[in-house]
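**Student:** Here is my input, please return the structure:
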Amino acid sequence: MTLPHPAVAALTRPLILASGSPRRRELLAQLGAEFRVEPPDVDETPRPGEAAVDLVRRLGHDKATAIATARPDAVVVAADSVVDVDGVVLGKPGSDDEARKMLRLLSGRWHHVHTGVSVAAGGQVRTEVVSTSVEMTAFGAEQIDWYVGTREPHDKAGAYAIQGHGGAFVTRIEGSTSNVVGLPLAELVALLAALTTWLPAGRR
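**Tutor:** Now for the predicted structure:
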């Protein structure tokens, strides 16, 4: 068991991760946290004209609230991530063909990964939006077919995983790497530490 981060060790409430993502489970575990996983039932459909940063802020907040409403005794962590290419929002591909289309759009270009990370406790929710810029090398149909064949793109925003086979396409990154994976750890730690300012002593 990893030694708990001080912000985690200070918690006196049960910790819940409102996400079914294996990547987010692994990242939260890196903080030495003991937690339950309770994926929320939230409609992730973007609203007409909704910008990427507004989308992830809303969904992070809504996911945290959905679980915190049923578990007011807990500290709830939630997050939502999208890939943004010149204002075009890429979520998770619904098929191999959609994954190929996304990867062709990313090839040889910079894009942004936005995550809305939220912490809910004591009837309150705090949300931060974290953005990271990622540059992809140029790659063609053969490499795309190989990558889609690994099955890795299927449940990943933007159809790639920087921590997996998809890392072979990444040439530069500016910002948080854990954010690209799906849970910005530095910002999450800051939100957990800030519980001391908005929850009474003994209720954190």
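
**Student:** Tell me where this protein has strands.
**Tutor:** Along the chain, counting by DSSP state E, strands occupy 15-17, 36-37, 75-85, 88-90, 110-121, 124-136, 170-174.

**Student:** ok and the fifth one relative to strand 124-136, angle-wise?
**Tutor:** In other words, strand 110-121. With axes from the mean of the first three to the mean of the last three C-alpha atoms, to 10 degrees defining the directions, strand 110-121 sits at 160 degrees from strand 124-136.

**Student:** Which strands and helices lie in contact with strand 110-121?
**Tutor:** Applying 3 or more C-beta pairs under 8 Å, 6 or more residues apart in numbering; DSSP states H and E, one finds that strand 110-121 makes contact with helix 52-70, strand 75-85, strand 124-136, helix 177-181, helix 185-193. All C-beta spots, glycine's among them, are computed from the backbone N, C-alpha and C.

**Student:** what sits up against the shortest one?
**Tutor:** What it means is helix 177-181. Contacts to helix 177-181, defined as C-beta atoms under 8 Å, 6 or more residues apart in numbering, come from residues 23, 27, 81, 113, 115, 130-132, 134, 161-163, 173, 184-187.

**Student:** do the first one as well
**Tutor:** Contacts to helix 52-70, defined as C-beta under 8 Å, 6+ apart, come from residues 16, 18-19, 38, 40-42, 44, 46-47, 50, 74, 76-82, 84, 87, 89, 112, 114-121, 123, 125, 127, 129, 131.

**Student:** and the gap between the nearest residue to G123 once chain neighbours are set aside and G60?
**Tutor:** Counting by C-beta to C-beta, 6 or more residues apart in numbering, G123 lies nearest to P72, which is 6.8 Å off, once chain neighbours are set aside. To G60, P72 is 19 Å away according to C-beta to C-beta, to the nearest Å.

**Student:** quick one: which of the two has more around it?
**Tutor:** Taking other C-beta atoms under 10 Å, P72 and G60 do not tie; G60 has more neighbours (28 against 12).

**Student:** wait, what's in contact with the residue most central in space within the chain?
**Tutor:** In the chain, the centroid-proximal residue (C-alpha atoms, centre = their mean) is G182; its distance is 2.9 Å. Listed by C-beta under 8 Å, 6+ apart, the contact set of G182 reads S21, R23, R24, L27, A79, S81, T115, A157.
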